[in-house]
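Peer 1: Quick one, structure for this:
(one chain, ligands or ions: 1)
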Amino acid sequence: MNPRRTSSTRRWSATKEDAVKKSITVIAVLLLAASSAWAKAGAPDGATIYKSKCAGCHGAQGQGKMGPKLAGTTLSEDDIVKVLTTGGEAKPPHVKAFKGATPEKAKAVAAYIKTLQ
Ligand code: HEC
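Peer 2: Numbering: from 1, shown residues only. As a prediction, this is how the structure comes out:
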């Protein structure tokens, strides 16, 4: 075996190993950044929003109270999002956009309502 060749091979692979380690670190940092951004944005939870903002008028199961029944609604998710983000209904509280209803939150709660039967 030629020792010079061996040592140069070893050096090459050490360098390559470092590069792999470095890219793994970079990927880990990126994943961490992505997941904490996700958490910070507070991935809206439709069920929680529904329970705190809507159930009082539409019923815990969407069965309706002073507000109409939402369980099994024929409205599409998009229709519900529109009610929340732009309002336009005849009666309060949906004449105007619902307070605090960002498009993301509206979409999450609309998706939840579509699961109510
Ligand atoms: C203060 C009581 C109240 C709260 C709180 C409330 N609603 Fe309503 N909602 C109503 C009433 C009353 C109507 C009927 C409005 C009309 O007919 O113009 C309605 C209508 C709707 C409609 C249209 C239903 C249909 O069949 O046309 C949707 C969708 C809706 N609400 C979703 C929600 C969601 C989602 C929330 C929570 C973010 C919410 N509402 C919070 C009272 C409320």
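
Peer 1: Spatially nearest residue to residue 66 (excluding sequence neighbours)?
Peer 2: Closest residue in space to residue 66, ignoring its immediate chain neighbours: residue 57 at 5.2 Å, by C-beta to C-beta, 6 or more residues apart in numbering. All C-beta spots, glycine's among them, are computed from the backbone N, C-alpha and C.

Peer 1: is it true that residue 103 touches residue 86?
Peer 2: No. Residue 103 is beyond contact range of residue 86, at 10.3 Å (criterion: C-beta atoms under 8 Å).

Peer 1: ok, the residue nearest to residue 66 touching residue 67?
Peer 2: Yes. With contact defined as C-beta under 8 Å, residue 57 and residue 67 form a contacting pair (3.6 Å).

Peer 1: neighbour-wise, which of those two wins?
Peer 2: It is residue 67, of residue 57 and residue 67, that has more neighbours when counted by other C-beta atoms under 10 Å, with 16 against 13.

Peer 1: continuing past the lowest-mean-pLDDT helix or strand in the chain, what's the next helix or strand?
Peer 2: Across the helices and strands of the chain, the lowest-confidence element by mean pLDDT, DSSP states H and E is helix 3-41, at a mean of 59. As assigned by DSSP states H and E, the chain's next helix or strand after helix 3-41 is helix 46-49.

Peer 1: list the buried ones in that following helix?
Peer 2: Within helix 46-49, the residues that qualify as buried are 46, 49, counting by 16 or more other C-beta atoms under 10 Å.
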